[in-house]
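[1] Mind looking at a prediction? Sequence and model below.
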2 protein chains.
Amino acid sequence: MIDYNDFFADRVKPMKGSAIREMFKRMADPEIISLAGGNPASELFPGDELSKIAGKILMTSPTLALQYGTTDGYPKMKDCARARAEKVNSYRDGDAIIIMTGANQGIDLTAKCILNKGDKIIVESPSFIGSLNAFRTYECQLVGVDMDNDGMRMDKLEEALKANPDAKLLYTIPTFQNPTGTTMPLERRKRLLELCKEYNVLIIEDNPYGDLRFSGEDVPTIKSLDTEGRVIYCGSFSKILSPGMRLGYIVGPAALLEKIEILKQVNDVHTPMLTQLMCVEFMKKYNIDDYIEKNRALYGKKCKAMLDTMEECFPKGKLEWTVPEGGIFLWCTIPGFEGDMNDIVNKCLEKKVAIVPGSNFAIDQSLPSNQFRLNYSSVPIEKIVEGVKRLGEVLTEVL
Amino acid sequence: MIDYNDFFADRVKPMKGSAIREMFKRMADPEIISLAGGNPASELFPGDELSKIAGKILMTSPTLALQYGTTDGYPKMKDCARARAEKVNSYRDGDAIIIMTGANQGIDLTAKCILNKGDKIIVESPSFIGSLNAFRTYECQLVGVDMDNDGMRMDKLEEALKANPDAKLLYTIPTFQNPTGTTMPLERRKRLLELCKEYNVLIIEDNPYGDLRFSGEDVPTIKSLDTEGRVIYCGSFSKILSPGMRLGYIVGPAALLEKIEILKQVNDVHTPMLTQLMCVEFMKKYNIDDYIEKNRALYGKKCKAMLDTMEECFPKGKLEWTVPEGGIFLWCTIPGFEGDMNDIVNKCLEKKVAIVPGSNFAIDQSLPSNQFRLNYSSVPIEKIVEGVKRLGEVLTEVL
């Protein structure tokens, strides 16, 4: 018998499948109302439009769609990504673009390009588990910075940088953050850039949700404020077109992206051609911003339905939560709660509603959490209402 | 000014874009006849069939095609991959399958799962640059084993293992190897397994070309001979359906693939859904083996045209080459040549024909090479003939 533990690299030894994925397996039960995932609303997917587009591309340009492509992406797809980045002033002279098989690949490979074993990366605490786990595979040290309702706290960031002046990289989701739903105001973004300049830290700005604002005013991206080439901007078509197509991109200094392109070449050679061509055609034939507008309106309604039901059904005065102005998540805290959040999660599953305990997003996942994440984009409004009611019953029972 | 060299991880510092890719850029000139790439023949791509299939999937199952999928792959796509593996007896009880965004991703992530910095991996010398470069990003030590016309030499492998008894992994393309076109006979495969058992080494068997035999008899895969769970088998749909769709898979012990799945989750989350669904439908509606048969016949003809023209136009007695029984490459050696292979390559480019110098596939790329790789799958027969004639002119002039 071969003991595979003898073979595993150190980087994967501590890694376990994410608890979210485990929960997804239990959620195969179609009766479960999932407030756990991060799926965009499928009811608006432009299936008919993309059906015609895909059929035509394969009929008229089979070689282009089916033959190998270039690692950095199909040139017109790069133009589309550039157009999205330019819309938020996040493309500057000297920048390059690489099309990624989902933005997560851009984050993974940027980390691979920068982080040696033991290097320090500053992250929001809590943050997106997919990115945190990607970073963990490079055996780096995650330095978490506390957040409030305006995202990462700059006093805490300064403390973290003082304590870790050798940090190389900072990872942030400044807009409609996952998991908290919070957005960093302009002043914080400016301060973040200043501090990163002072300590010579590069920045990954992950912005998959930025287009999904349904209230309040747009805030400039960190990339748009960067005059030095300090920011690698990660954009995604997952939340504005389709996650299953796996289309994302990174924009940043050419000298940096040149190396990241090599890492992509040895990873998946290039992003599939057909999905790139479909995105190009979709953006040529339709106004993607009209489509995004429909999503925004829907998410605004869904978020309101969730918040209204929470007000109504959560035990009074026992919980706090963020009120997002966009995106797909909100974040609940039970102040003073010292029980086991997994009990609440399991009681919810008994009532056929799924939520994600906060420990999943923690820098140290072994610590207890008094928080949980809710998603309002995936399921229809009536299910959001029903799911939050059941969650309210559990919370009333436990708290 | 930010000096990005201050930030690069050690693993990417020595990496440069592959010379092949640089050559591809020069090859943008449509008049150049490329014997350099590794593209399958596009003239047989089933564009019409896939057009209908894609159109229908997106019309009837938009949510399935456009929403997030699972990391290990769409279940029916896993069945398709399993069917391909079973056809060559390369799936056994206790195995798992992960659908990859191209087989290269499977190789990259398997290496990431196993190789610590400084670990040793045994490889054929020469070998596929994409895999070698993937391994290099894990800062491992590549141990090359010499080959002859029957692939990796077992006496040399034994020497290598004696000298490196701590090697963890062996990477081989036993059938129609890239770049040499050679195939390891059954006895060598058995011996390779024995030696890997003796020294407790895991094996990555990369088999993207195995279906493309146009002469001789099939040889069992190494995976089919493995009774211990020592082999991770990498299969691909790139050479039998479409490379641009980026569909590959790995088959191997579940305990190992569990960790690799986590690495895939943090890399691209999952392979795009539409291309997976298209492959499933294609294999349901059509007999993919009929389609492969057409490719085999075409490649047999193309290979013969290349070999015949080489016999005719290469300077007599000055070169040796492999005679492949399948796949898409052959390998030329100029015994005793001490000149610069790049001169030959550049003289070829002046005559508008592209070949790849052997140093690209070397373990130590800085050493001079008296070898080059030719591809016969990509271009039409008349261009193969014309390209080899021009190459013959250059060789006659130089040698």
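    It's in.
[2] for chain A, which spans come out with low pLDDT?
    A:17-28 (pLDDT under 70).
[3] Which residues of the stretch 51-200 of chain A lie near chain B?
    A:51-52, A:54-59, A:62-71, A:100-102, A:104-105, A:108, A:112-117, A:119, A:130-131, A:133-134, A:137-138, A:168-169, A:200 (CB under 8 Å from any CB of the partner chain). C-beta here means a position set from N, CA and C on the backbone, and glycine is covered the same way.
[4] what about the helices in the stretch 101-250 of chain A?
    In the stretch 101-250 of chain A, the helices defined using DSSP state H, counting those that start in this stretch lie at A:103-114, A:129-136, A:154-163, A:186-198, A:222-225.
[5] of all those helices, which gets the most neighbours per residue?
    When those are scored by mean count of other CB atoms under 10 Å in any protein chain shown, the highest mean neighbour count falls to helix A:103-114 (a mean of 27).
[6] Now do the strands in the stretch 1-150 of chain A.
    Using DSSP state E, counting those that start in this stretch, the strands of the stretch 1-150 of chain A run over A:33-34, A:95-100, A:120-125, A:141-148.
[7] So what are the sheet partners of the shortest one and their directions?
    On the basis of DSSP bridges, the sheet neighbours of strand A:33-34 come out as strand A:353-354 (parallel).
[8] Of the residues of the stretch 51-200 of chain A next to chain B, keep whichever come out buried.
    A:51-52, A:54-59, A:62, A:64-71, A:100-102, A:104-105, A:108, A:112-115, A:117, A:119, A:130-131, A:133-134, A:137-138, A:168-169 (16 or more other CB atoms under 10 Å in any protein chain shown).
[9] got the contact list for the closest residue to residue A:32 other than its chain neighbours?
    Among residues not flanking residue A:32 along the chain, residue A:352 sits closest, at 4.8 Å (CB to CB, 6 or more residues apart in numbering or on different chains). Residue A:352 sits next to A:29, A:31, A:32, A:33, A:390 when contact means CB atoms under 8 Å, 6 or more residues apart in numbering or on different chains.
[10] ok, those residues vs residue B:300, which is closest?
    Set against residue B:300, the nearest of these by CB to CB is residue A:29 (52.4 Å).
[11] Excluding residues flanking it in the chain, which one is nearest that closest one?
    residue A:352 is the one closest to residue A:29 (CB to CB, 6+ apart), at 7.1 Å.
[12] follow-up on the earlier one: between the strands of the stretch 1-150 of chain A, which one is nearest to residue A:206?
    With CB to CB, the closest approach to residue A:206 among the strands of the stretch 1-150 of chain A belongs to strand A:120-125: 10.1 Å.
[13] The residue nearest to residue A:29 and residue A:381, how far apart?
    18 Å (CB to CB, to the nearest Å).
[14] Repeat that for residue A:74.
    38 Å.
[15] repeat for residue A:190
    38 Å.
[16] Next: residue A:387.
    Distance from residue A:387 to residue A:381, by CB to CB: 11 Å.
[17] If you count surrounding residues, which of these two has more?
    Between residue A:387 and residue A:381, counting by other CB atoms under 10 Å in any protein chain shown, residue A:387 is the more crowded of the two (26 against 15).
[18] so that one is in which element?
    helix A:381-398 (DSSP states H and E).
[19] Is that helix positioned near chain B?
    No - with CB under 8 Å from any CB as the criterion, chain B is not reached by helix A:381-398; the gap is at least 15.2 Å.
[20] between the helices of the stretch 101-250 of chain A, which one is nearest to residue A:234?
    Nearest to residue A:234, of the helices of the stretch 101-250 of chain A and by CB to CB, is helix A:103-114 at 4.6 Å.
[21] Please export the C-alpha coordinates of that closest one as PDB.
    Presented in PDB, the C-alpha positions along helix A:103-114 are these (Å, rounded to 0.1, in the frame of the first residue of the first chain):
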ATOM      1  CA  ALA A 103     -10.600  36.000 -11.900                       C
ATOM      2  CA  ASN A 104      -9.600  33.400  -9.200                       C
ATOM      3  CA  GLN A 105      -6.900  32.200 -11.600                       C
ATOM      4  CA  GLY A 106      -5.500  35.800 -11.800                       C
ATOM      5  CA  ILE A 107      -5.300  36.000  -8.000                       C
ATOM      6  CA  ASP A 108      -3.700  32.500  -7.700                       C
ATOM      7  CA  LEU A 109      -1.100  33.200 -10.400                       C
ATOM      8  CA  THR A 110      -0.300  36.700  -9.100                       C
ATOM      9  CA  ALA A 111       0.300  35.200  -5.700                       C
ATOM     10  CA  LYS A 112       2.500  32.500  -7.300                       C
ATOM     11  CA  CYS A 113       4.500  35.200  -9.000                       C
ATOM     12  CA  ILE A 114       5.200  37.200  -5.900                       C
END
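[22] these two touch, right, residue A:171 and residue A:107?
    Yes - using CB atoms under 8 Å, residue A:171 is in contact with residue A:107, at 7.4 Å.
[23] Now the common contact residues for those two.
    Counting by CB under 8 Å, 6+ apart, the residues touching both residue A:171 and residue A:107 are A:131, A:204, A:206.
[24] between those residues, which is nearest chain B?
    Nearest to chain B among the shared contacts of residue A:171 and residue A:107 is residue A:131, at 8.0 Å by CB to the nearest CB.
[25] Find the nearest non-adjacent residue to that closest one, please.
    Nearest non-adjacent residue to residue A:131, counting by CB to CB, 6+ apart: residue A:107, 5.1 Å away.
[26] which residues does the one you found contact?
    Contacts of residue A:107 by CB under 8 Å, 6+ apart are A:130, A:131, A:134, A:171, A:204, A:206, A:234.
[27] which residues touch residue A:295?
    A:40, A:41, A:44, A:212, A:239, A:240.
[28] Looking at chain A, which helix is longest?
    As assigned by DSSP state H, the longest helix anywhere in chain A is helix A:288-313.
[29] orientation of it relative to helix A:381-398 in degrees?
    Put simply, helix A:288-313 runs at 30 degrees to helix A:381-398, going by axes from the mean of the first three to the mean of the last three CA atoms, to 10 degrees.
[30] What residues sit buried inside helix A:288-313?
    By 16+ other CB under 10 Å, the buried positions in helix A:288-313 come out as A:288, A:291-292, A:295-296, A:298-300, A:302-303, A:305-307, A:309-310, A:313.
[31] immediately after that helix, which helix or strand?
    Later in the chain than helix A:288-313, the nearest helix or strand by DSSP H and E is strand A:320-321.
[32] which residues touch the nearest residue to residue A:185 once chain neighbours are set aside?
    Closest residue in space to residue A:185, ignoring its immediate chain neighbours: residue A:150 at 5.5 Å, by CB to CB, 6+ apart. Applying CB under 8 Å, 6+ apart to residue A:150 gives the contacts A:182, A:183, A:184, A:185, A:188.
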